[in-house]
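[1] Predicted model follows, preceded by the sequence.
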Amino acid sequence: MSDVVAAQWLVVRSVRSTSWLLGSLVLVLAGTWGAGTLMVSAWDAASAADQARFESADMTVIVGPLMQLVLGILGALAVTGEYRTGLITTTLTAVPNRLRLLGAKALVVAGLATTAAVAVTVASTLLTLQVAGDRPAPIEPWTSVGDAVASGAANVAVGIAAALVGVGLGAALRSSAGAVMAIAGLLFVAPVVAVYLPDPWDERIFGVLPSSLPSQLTGDHPLWAACALIAYPLLALTAGALTLKNRDA
């Protein structure tokens, strides 16, 4: 298994899209820091009544969903890239056990996603503290270090799950465009649709969507959020495994 994992690490590392996607996270951080700086400047110039209506300067609210999108696409392209280039035939010849191959890809993507998610979350947390400074609530996003750590850990966990969902969807759909559209739909279209569902299904569905999981994990329903966090990659990888095992390359 270690040889398969090492080979898949080489494949993922050599794909040009991997570097571009990880590099885009730096741009996300820079853009969000700029937006946060402008918001805090507006807060400083506002009256006390207007200041109370501001949201917090927590950059992870914006960085988190975009990080999920990037990591989900990275996971999908780790699989679909080989189908696009035709290298999947060679890979399956070298590794005839298809489930082992998918497991190796999932391990590599999970490791890379963990590193990227931790780095981005730590950076966004530090930038948030720098932007907020010593300003009180609502600009100050966390009341204690524990709150900041819990929020960061939840964002990292959801980012890893998004990457594994990408691997599963990539294996199931075998199309880069299809997998990217499915990931984007799950992250950004599904929440919009959920808002228009009848009560109480709007809140129930919205609360277990990936974009809501970080706040739910640290909020009032952590158990349900944890179940959803496990279910998303499990279902996607199961669909990918069944497709990979039962369909020709």
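    On my side now, so go ahead.
[2] How is Gly219 assigned, secondary-structure-wise?
    The local conformation at Gly219, judged by DSSP: H, G, I helix; E, B strand; the rest coil, is coil.
[3] contact partners of the worst-scoring helix or strand of the chain on mean pLDDT?
    For the chain, counting by mean pLDDT, DSSP states H and E, helix 88-94 ranks last in confidence among helices and strands (a mean of 79). Judged by Cβ atoms under 8 Å, 6 or more residues apart in numbering, the contacts made with helix 88-94 from elsewhere in the structure are 7, 11, 82, 98, 101, 249. C-beta coordinates here come from the backbone N, C-alpha and C atoms, glycine included.
[4] switch to 10 Å and redo it
    Outside helix 88-94, the residues within contact range by Cβ atoms under 10 Å, 6 or more residues apart in numbering are 3-4, 7-8, 11, 79-83, 98, 101, 105, 174, 244, 248-249.
[5] Model confidence for the residue of the chain positioned farthest from its centre, exactly?
    The outermost residue of the chain, judged against the average C-alpha position, is Ser47 (36.9 Å), by Cα atoms, centre = their mean. What the model reports as pLDDT for Ser47 is 82.
[6] And the helices in the chain?
    For the chain, applying DSSP state H gives helices covering 2-14, 16-45, 48-51, 60-85, 88-94, 98-132, 145-173, 176-184, 190-195, 201-207, 213-217, 222-246.
[7] In a markdown table: those, plus distance to Ile139 and mean neighbour count.
    Output for the helices of the chain, formatted as a markdown table (distance: least, Cβ to Cβ, whole Å; neighbours: other Cβ atoms under 10 Å):
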| stretch | distance to Ile139 | mean neighbour count |
| --- | --- | --- |
| helix 2-14 | 39 | 15 |
| helix 16-45 | 6 | 15 |
| helix 48-51 | 8 | 10 |
| helix 60-85 | 13 | 24 |
| helix 88-94 | 50 | 14 |
| helix 98-132 | 5 | 20 |
| helix 145-173 | 14 | 23 |
| helix 176-184 | 31 | 18 |
| helix 190-195 | 25 | 14 |
| helix 201-207 | 26 | 15 |
| helix 213-217 | 18 | 23 |
| helix 222-246 | 26 | 17 |
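[8] Minimum distance to Pro138: which of these has it?
    helix 48-51 (7.8 Å; Cβ to Cβ).
[9] outside of that closest one, which residues touch it?
    Applying Cβ under 10 Å, 6+ apart, the set of residues contacting helix 48-51 is 42-45, 135-139.
[10] switch to 7 Å and redo it
    Residues lying outside helix 48-51 but in contact with it, judged by Cβ atoms under 7 Å, 6 or more residues apart in numbering, are Trp43.
[11] Tell me who's in contact with the closest residue in space to Ala182 that isn't next to it in sequence.
    Here the nearest residue to Ala182 in space, its sequence neighbours aside, is Leu169; by Cβ to Cβ, 6 or more residues apart in numbering that works out to 5.2 Å. Remark: with contacts taken as Cβ under 7 Å, 6+ apart, Leu169 is in contact with 76, 179, 182-183, 236, 240.
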